[in-house]
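J.: Fold the following for me, if possible:
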Amino acid sequence: MTIQELREARNKTWEGAKAFVESKRDKDGLLSAEDAATYAEMEKKVKDYSLEIERMEQMDAMENELRQPVNVPIVTKPVADKPKDVKVGRASDEYKNGMLTALRTNFRQVSNVLQEGVDADGGYLVPEEYDSRLIDVLEEENIMRKLAHRITTSGEHKINIAATKPAAAWIEEGGALQWGDATFDQILLDAHKLHVAIKITEELLYDNAFRLENYIIEQFGKALANAEEDAFLNGSGVGQPLGLFAEKGGGTIANTVATPTGDDVINLVYALKRPYRKNASFIMNDQAVAMIRTFKDNNGAYMWQPSVRAGEPDKLLGYPVHTSPFCPVNMMAFGDYSYYNIGDRGTRSFKHLTELFAGNGMIGFVAKERVDGKLILPEAVQILKVTGKTSSKAGA
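T.: Numbers count the residues shown, from 1 in each chain. Got it, this is the predicted structure:
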């Protein structure tokens, strides 16, 4: 089956599951143990379809990657004119090729061109092309980098925000003006250091057919993305970014309930002020999805709307849903996450570990970045907090 056929089959199965639940509820709105088990199998099939769709998308991406040529093709003119716009520094081909050579030779052959890219810790700054591709991986793997506002800083970055806003007032013709003062606070984006280490066998390192740079970028990107996403959602702000769900400095707790219902989700949406709802979406833990999918609104319609197009998220009450394994199981956020600012300090760097894994025939590499993140306007994100055990019974 194609990916599109799988999506259609998943949606058909989900519609069948919803119809089954409706037809089997008793007068109290509950399912018998036997019917609940049948529904669980149908829901499992929907999840299996989702996993297979994800697997096929990854296989397609891998297939496209493997189709790329390994060697540079021979051209009819060995010596061509140099382009007019010659890139220099970390953007130059010399720097990129010098980095690849250094990686393959375990940094025993380091060209002079790399010396301009040495950082304070003895590592080498990532070539601009690699850094750009690494950011692409971070954005693909980290939902907060897709949703938040990202800036690049060279030092501490101060953000001015209005702490109090002036209010308008009606006055009589010729009456005295009423003055209201707006006050401002400052939020500081600092730079917290994040390290990620990977190991590569010596055989792969010296195999010229192995696309070393792609492997390193992908592995570093995924590891950095996981650590970042965890911090952007749960970080304490001490030695790491301040998370969206942080007790102080995070989103606003709109409501605290023992067992969430459909009405609670509706109330969460309208707890967010209208200007923020235009670009709002949900963030929840994967475990919450199974419960939320059964919720209905006051008209008896299911709130959950599965995605029908590749690349589009599922929707809840018409708003996109983003899931993260790092989101607290007992919390759900709804808001405009562009008010969460991510500050990247400078660029990323590589460093090699020559001796640590030598006995195992492996080479270690370390990637380093400096990054910070803060929610600059807490009212832009509303949070529903659950104190009791979650339930699969829908409210409303």
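
J.: any idea where the helices of this structure begin and end?
T.: For the chain, the helices defined by DSSP state H occupy 3-24, 33-66, 93-104, 128-141, 143-147, 202-205, 212-234, 262-271, 274-277, 286-292.

J.: Residue 329 is nearest to which of the ones you listed?
T.: helix 286-292 (5.5 Å; C-beta to C-beta). In this view, the C-beta of every residue, glycine as well, is placed from N, C-alpha and C.

J.: mind listing what's buried in that closest one?
T.: 288, 291, 292 (16 or more other C-beta atoms under 10 Å).

J.: Save those as JSON lines, and put in pLDDT and distance to residue 227 too.
T.: Below are the buried residues of helix 286-292 laid out as JSON lines (pLDDT from 0 to 100; distance: C-beta to C-beta, whole Å):
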{"residue": "288", "pLDDT": "89", "distance to residue 227": "22"}
{"residue": "291", "pLDDT": "86", "distance to residue 227": "28"}
{"residue": "292", "pLDDT": "90", "distance to residue 227": "27"}
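
J.: can you pull the pLDDT of residue 391?
T.: For residue 391, the model assigns a pLDDT of 41.

J.: re the thing from before, just put the helices of the chain in a markdown table and tack on distance to residue 333.
T.: Shown next, in a markdown table, are the helices of the chain (distance: least, C-beta to C-beta, whole Å):
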| stretch | distance to residue 333 |
| --- | --- |
| helix 3-24 | 24 |
| helix 33-66 | 22 |
| helix 93-104 | 39 |
| helix 128-141 | 19 |
| helix 143-147 | 10 |
| helix 202-205 | 41 |
| helix 212-234 | 9 |
| helix 262-271 | 9 |
| helix 274-277 | 12 |
| helix 286-292 | 11 |
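
J.: which residues does residue 191 contact?
T.: Taking C-beta atoms under 8 Å, 6 or more residues apart in numbering, we find residue 191 in contact with 153, 156, 343, 345, 346, 370, 371, 372.

J.: If I average pLDDT within each of the helices of the chain, which one is lowest?
T.: The lowest average pLDDT among the helices of the chain, as it happens, falls on helix 93-104, at a mean of 58.

J.: Contact partners for residue 6?
T.: Here residue 6 is in contact with 49, 52, 53, 56 (criterion: C-beta under 8 Å, 6+ apart).

J.: Give me the buried subset of those.
T.: 49, 53.

J.: ok, the buried residues of helix 286-292 vs residue 259, which is closest?
T.: Distances from residue 259 to the buried residues of helix 286-292, taken by C-beta to C-beta, are shortest for residue 291, at 9.6 Å.

J.: isn't the closest one right next to residue 259, touching?
T.: No: the pair residue 291 / residue 259 is not scored as a contact, 9.6 Å apart, by C-beta atoms under 8 Å.

J.: returning to what we had before: nearest to residue 322 among the helices of the chain would be which one?
T.: Residue 322 lies closest to helix 143-147 among the helices of the chain, at 4.8 Å (C-beta to C-beta).

J.: Show me what that closest one is packed against.
T.: If contacts are counted by 3 or more C-beta pairs under 8 Å, 6 or more residues apart in numbering; DSSP states H and E, helix 143-147 sits against helix 128-141, helix 212-234, strand 340-353.

J.: Between the ones you listed, which one is closest to residue 26.
T.: helix 212-234 (39.2 Å).

J.: The closest one packs against which elements?
T.: Packed next to helix 212-234, using 3+ C-beta pairs under 8 Å, 6+ apart, are helix 93-104, helix 128-141, helix 143-147, strand 192-201, helix 202-205, strand 340-353, strand 362-375.

J.: ok, back up a step: next, give me the two most distant ones among the contacts of residue 6.
T.: 49 and 56 (10.6 Å).

J.: Look up how far residue 256 lies from the closest residue to residue 284 other than its chain neighbours.
T.: The shortest distance from residue 284 to any non-neighbouring residue, by C-beta to C-beta, 6 or more residues apart in numbering, is to residue 332 (4.5 Å). To residue 256, residue 332 is 12 Å away according to C-beta to C-beta, to the nearest Å.

J.: shared neighbours of the two, which are they?
T.: With C-beta under 8 Å, 6+ apart, residue 332 and residue 256 have common neighbours residue 386.

J.: Which one's more surrounded, these two?
T.: residue 332 (26 against 13; other C-beta atoms under 10 Å).

J.: which residues does the more buried one form a beta bridge with?
T.: With DSSP bridges applied, residue 332 shows beta-bridge pairing to residue 284, residue 384.

J.: Pretty sure it sits against residue 382.
T.: No: taking contacts as C-beta under 8 Å, residue 332 lies outside contact range of residue 382: 9.4 Å.
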